[in-house]
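Participant: Quick one: sequence and predicted model below, then my questions.
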Amino acid sequence: MSDRPDTPLLDQVQEPGDLNKFSDAELRQVAHELRAETISAVSQTGGHLGAGLGVIELTVALHAIWDAPRDRIVWDVSHQTYPHKILTGRRDRIRTLRQKDGLSGFTKRSESPYDCFGAAHSSTSISAALGFAVARDLGGAPEHGIGDAIAVIGDGAMSAGMAFEAMNNAGSLGKRLIVILNDNDMSIAPPVGAFSNYLSRLYAEEPFQELKAAAKGMASLLPPPFQEGAKRAKDMLKGMAMGGTLFEELGFSYIGPIDGHDMSQLLPILRTVKARAAGPVLVHVVTKKGKGYGPAERASDKGHATAKFDVISGEQKKAPSNAPSYTSVFGKELVRLAGEDQRVCAVTAAMPDGTGLNLMAERYPSRTFDVGIAEQHGVTFAAGLAAGGMRPFCAIYSTFLQRGYDQVVHDVAIQRLPVRFAIDRAGLVGADGATHAGSFDVSYLTNLPGFVVMAAADEAELMHMVATAAAHDEGPIAFRYPRGEGAGVDMPDKGVPLEIGKGRMIRDGSRVAILSYGTRLKEVLDACEALEARGIRPTVADARFAKPLDRDLVLNLAADHEALITIEEGAVGGFGSHVAQLLANEGVFDDGLRFRSMVLPDTFIDQASPADMYATAGLNAPDIEAKVLEVLDVAQVGKRKA
Ligand SMILES: Cc1ncc(C[n+]2csc(CCOP(=O)(O)OP(=O)(O)O)c2C)c(N)n1
Ligand SMILES: CC(=O)[C@@H](O)[C@H](O)COP(=O)(O)O
Ligand SMILES: [Mg+2]
C-alpha cells in the first residue's frame, strides 16, 4: 500500500520497483494517472499518442509483475513506449520527446537500461526477445543475469513475415519466452490481411464476449498447463483453446484473448504466466488504440501520430503549410497517370496515408494494394505485377525499403522488371530520428545494373519524375523525395517525362561548379547568394539522375571549372561517389581538378528538426559556402595541409 496517501501515486514511482508496494487497486490508479500524464506530455511534444494510450494498463502490469531491466521487455516498433519511459525514470524528460538532445521517440539502448533493445522498424521484438532467452540459457550477461524475455508486439507488426520467422524458430527451440500480442485491430491504418481477420475471429467469438461479461472476479482462464490454482470455465476455455490454434501449431501456449484494459484480468493472468510458463507462451491481449482520450479514439488513425494539441478540444496545432507536401504531389500525379493508363497500379506496405496512396485507393481501389507491414512481399508482388504487364508503383519510405532490399536486387533488378519505386522520406526526417532516416537508398540502388535512379530537387521536378517513371518500361526506376513540404515553386499542370540520364543547368558561373542531387539545391542557391558578396559566382547544375549519370554534364563542368563540388542528402557510396568514379576513370583528376563530395557523415544522427539535423550533417547553406571557399583556397577554412 502507498505510504503517502496524500501524494499522487505516479509521483511515488521513480522506477518500476516502486510499483511493488501498491495494491492491485492502487495499480489501477497508477494506470489512470499514467494515462493523464501521457496525454499531457504528448500534447506538448506531439508524437505517437494512440499506441501508448492503448498499452497503459499493460505497461503498468508488466512493470509491476516483472523485474526490468533484469527481465527483458522488448517493445515492437516501440512507438507505444512513452508510458514505459515515464515509469522507468524518464518522467522528468518526457516533454523533451523527439526533440534535439531530448528523449528518442522509440526505445534506445543508450538512453536507458530499461530499453533493452532498440526498435522503430516493426516486427523485430520476438527475434530479439528470443535472442535474450537463448543468451539467458547459455549463461549470457553473467553480471546480472537475464530473467524473462518478453516481446510486446502489435497486431500490425505481428502480420510481418519476420514475426513468423521468429515464432517458427521459438516454437522449435521451446525456450521459455513470453510474447504479448497487443491486438487493437489497428495498424497505422485499419489492418489488412487474412491474419488480421483471423485475430478478429478470436475475440468476436462467444467465449471472449462471455469472458468480458463475466470478467469481474475471474481469477484466470488458462490452458491446461496453467489450470492448477486458477478457476476455469470449461466452455470458454474450449473456445480459447480452439482460438489459439495458429499459435499453438507454432509451438506456443496460447492464452486469451483477454481484455487489455481490465487489470482484474491482466494482473492475475500475467502473474500466472510468470509463475508457470515452461516454454513459449503467447498472451493475446485486446486493447483500443487511443484508449481513454476521446479525440484519439474518434480519429480515423486512433491518434497514431499527432502534432502538439489542445488537451481539452483535441485540436492539433499544425504549422500553416506554404506549399504542397511532396507526398501529396506524388499521390495526385499518380492518380492522374492512372486515369490515363489502366496498367498503372500501386503498392504500399501498411502506409497508404503516409505515402499518399490513399488518394489512389479512393479513386482506383482495384489497382491499389496495401500488403500490410510486408515490404519484402510488397516489392516482389510489384515485380510480379510488372512481369504481368502492369506498371506498378511501389511506394515505400526509403528507410522501410531497406527491409525489402534483397527483393529489389533478386526479383526486380536481375530480371530487369519495370517496377517504379516512389521513395518518400528520403534524407533526414526529423523527429523520428536515425531509425527513420532515408540515408542509404541512393547508395543501395545506384550500384544495381539497369536501375534508373532519380532525385527531385523540388515538387515540380517530382511531378515530372512521376511521369518519367510511368513511361519507363525498360527496367526498374526509382525517384526519391523528402518528408514534408515542397520549396514553393510554380507547379506545372502535369508531369512531363524527362530525358533519362540528363541533368539541367540552373545558373552559369565560373571557377567552381556545384552539382546538386535532390533538394539540397535550395541550400546551394542560398549559399550562392552569400558568395556573390565575395565576388564568387559558382555555376550550379541539378543532376536529376544519379544513374545513369549525365556524363557530358559532369565532364563539361569539370573541364570548364577549377573545382567541382557534388552534394546530396545521402550517405557515401551514392551520387558523389559515382561522379568521383567517372572523373577518376576519365583521368580528369590527372589535370588537377579540385573535387569535393558533400554527403551525410558516417554516423547516425539523432532526432531534431530536419534543418538542425542537416546542420549537424554539414549540408546547409553555410556549410556549402565554406566548402566553396575552402576548395577555392580563399579562406583559412579547411586550409590544405602543406
Ligand atoms: C518495417 C516497418 N514498416 C513500416 C513501419 C511504419 N509503422 C510504424 S507503426 C506501424 C503500425 C504498427 O501496428 P501495430 O503493430 O498493430 O501497433 P499499434 O500502432 O497498433 O500499437 C507501422 C506500419 C515500421 N515502423 N516498420
Ligand atoms: C512509428 C512509425 O514508424 C511511423 O509512424 C512513422 O513514424 C511514420 O513516419 P511519418 O510521420 O514520416 O509518416
Ligand atoms: Mg495494432
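Facilitator: That came through, no problem. Ligands and ions are numbered 1, 2, ... in the order given.

Participant: Would you state the helices of the stretch 201-350 of the chain in chain order?
Facilitator: Secondary structure of the stretch 201-350 of the chain (DSSP state H, counting those that start in this stretch): helices at 206-214, 234-243, 245-249, 263-276, 294-298, 326-340.

Participant: Just give me how far the fourth one sits from the chain centre.
Facilitator: If I follow you right, that is helix 263-276. Once both centres are worked out by CA atoms, centre = their mean, to the nearest Å, helix 263-276 turns out to sit 32 Å from its chain's centre.

Participant: Name the residues of that helix that are buried.
Facilitator: Within helix 263-276, the residues that qualify as buried are 263-274, 276, counting by 16 or more other CB atoms under 10 Å. C-betas here are computed from N, CA, C, even on glycine.

Participant: now the longest one
Facilitator: Going by neighbour count (16+ other CB under 10 Å), the buried part of helix 326-340 is 326-338.

Participant: Please save the CA atoms from it in CSV.
Facilitator: Only the C-alpha atoms of helix 326-340 are listed here, as CSV (Å, rounded to 0.1, in the frame of the first residue of the first chain):
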residue,chain,number,x,y,z
TYR,A,326,6.0,16.1,-51.7
THR,A,327,3.7,13.2,-50.7
SER,A,328,0.6,14.9,-52.0
VAL,A,329,2.3,15.9,-55.2
PHE,A,330,3.2,12.3,-55.8
GLY,A,331,-0.2,10.9,-54.9
LYS,A,332,-2.1,13.4,-57.1
GLU,A,333,0.2,12.9,-60.2
LEU,A,334,-0.1,9.1,-59.8
VAL,A,335,-3.9,9.4,-59.8
ARG,A,336,-3.7,11.5,-63.0
LEU,A,337,-1.5,8.9,-64.7
ALA,A,338,-3.6,6.0,-63.5
GLY,A,339,-6.5,7.8,-65.2
GLU,A,340,-4.7,7.7,-68.5
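
Participant: can it be found next to ligand 2?
Facilitator: No: residues of helix 326-340 contacting ligand 2 under CB under 6 Å from any ligand atom: none, with a closest distance of 8.3 Å.

Participant: residue in the stretch 301-450 of the chain nearest to ligand 1?
Facilitator: Closest approach between the stretch 301-450 of the chain and ligand 1, counting by CB to the nearest ligand atom: residue 350, at 3.9 Å.

Participant: for the closest residue to that residue other than its chain neighbours, helix, strand, or coil?
Facilitator: Closest residue to residue 350 apart from its sequence neighbours, by CB to CB, 6 or more residues apart in numbering: residue 373 at 4.5 Å. The three-state assignment at residue 373 reads coil, by DSSP: H, G, I helix; E, B strand; the rest coil.

Participant: Need phi/psi at residue 373.
Facilitator: Phi and psi for residue 373, reported as degrees, to the nearest 10, are phi -80, psi 80.

Participant: for residue 545, same thing?
Facilitator: Taking degrees, to the nearest 10, you get phi -120, psi 130 for the backbone angles of residue 545.

Participant: Compute the number of surrounding residues for the closest residue to residue 60 other than its chain neighbours.
Facilitator: Leaving aside its sequence neighbours, residue 60 sits nearest to residue 31 (CB to CB, 6+ apart; 4.7 Å). A count of neighbours around residue 31, defined by other CB atoms under 10 Å, yields 24.

Participant: Contacts for the helix or strand harbouring residue 31 next, please.
Facilitator: Assigned by DSSP states H and E, residue 31 belongs to helix 24-45. Residues outside helix 24-45 that contact it (CB atoms under 8 Å, 6 or more residues apart in numbering): 1-2, 8-10, 13, 19, 22, 48-49, 52-53, 56-57, 59-61, 64, 82-83, 86-87, 91, 94-99, 263-264, 267, 291-293, 306, 308-311.

Participant: Relative to ligand 3, which residue of the stretch 451-600 of the chain is the closest?
Facilitator: residue 483 (22.8 Å; CB to the ion).

Participant: just the stretch 351-500 of the chain next, same as before
Facilitator: residue 373 (10.0 Å).

Participant: Tell me how far that residue lies from residue 189.
Facilitator: The gap separating residue 373 from residue 189 is 11 Å, by CB to CB, to the nearest Å.

Participant: which one of these two has more residues nearby?
Facilitator: Under the criterion of other CB under 10 Å, the comparison of residue 373 against residue 189 puts residue 373 first, with 30 against 20.

Participant: Now do the contacts for the more buried one.
Facilitator: Applying CB under 8 Å, 6+ apart to residue 373 gives the contacts 122, 123, 156, 157, 159, 160, 187, 349, 350.

Participant: And for the fifth one, the neighbour number?
Facilitator: For residue 159, the count of nearby residues is 25 (other CB under 10 Å).

Participant: what's the nearest residue to residue 474 if we skip its chain neighbours?
Facilitator: Residue 474 sits nearest to residue 418 (CB to CB, 6+ apart), 6.9 Å away.

Participant: doesn't residue 390 make contact with the one you found?
Facilitator: No: counting by CB atoms under 8 Å, residue 418 does not reach residue 390; the two are 9.2 Å apart.

Participant: These two - which one has more neighbours?
Facilitator: A count of neighbours by other CB under 10 Å puts residue 418 above the other of residue 418 and residue 390, at 23 against 18.

Participant: Assign a three-state SS to the more buried one, would you?
Facilitator: Secondary structure, three-state DSSP: residue 418 is coil.

Participant: Please identify which residue in the chain comes closest to ligand 3.
Facilitator: Proximity of the chain to ligand 3 (CB to the ion) peaks at residue 154, 3.8 Å away.

Participant: Tell me the predicted confidence for that residue.
Facilitator: For residue 154, the model assigns a pLDDT of 98.

Participant: again, but for residue 18
Facilitator: 98.

Participant: Just list the residues touching it, thanks.
Facilitator: Here residue 18 is in contact with residue 12 (CB under 8 Å, 6+ apart).

Participant: Break this structure into its domains for me.
Facilitator: 53-80+100-298, 326-480, 504-637 (automatic domain parsing).

Participant: Return the most buried member of the ones you listed.
Facilitator: Highest mean neighbour count of these: domain 326-480, a mean of 22 (counted as mean count of other CB atoms under 10 Å).

Participant: Figure out the length between the terminal residues of that one.
Facilitator: End-to-end distance for domain 326-480, by CA to CA, to the nearest Å: 10 Å.

Participant: repeat for stretch 115-123
Facilitator: From its first residue to its last, stretch 115-123 covers 16 Å (CA to CA).

Participant: Identify the residues contacting it?
Facilitator: For stretch 115-123, the surrounding residues in contact (CB under 8 Å, 6+ apart) are 68-69, 72-79, 81, 88, 105-109, 124-125, 128-129, 132, 153-154, 156-158, 160-163, 373, 399-400, 403, 432-433, 435-436.

Participant: and these, which of them are in helices?
Facilitator: 125, 128, 129, 132, 156, 157, 158, 161, 162, 163, 399, 400 (DSSP state H).

Participant: Also near ligand 3: which of those residues, exactly?
Facilitator: Applying CB under 5 Å from the ion to those, one finds that residue 156 fall near ligand 3.

Participant: what subset of the ones in helices among the contacts of stretch 115-123 is also close to ligand 1?
Facilitator: Near ligand 1, by the rule CB under 6 Å from any ligand atom, you find 156, 157, 400 out of these.

Participant: before we move on, the earlier item: which element follows the helix holding residue 31 toward the C-terminus?
Facilitator: helix 49-54.
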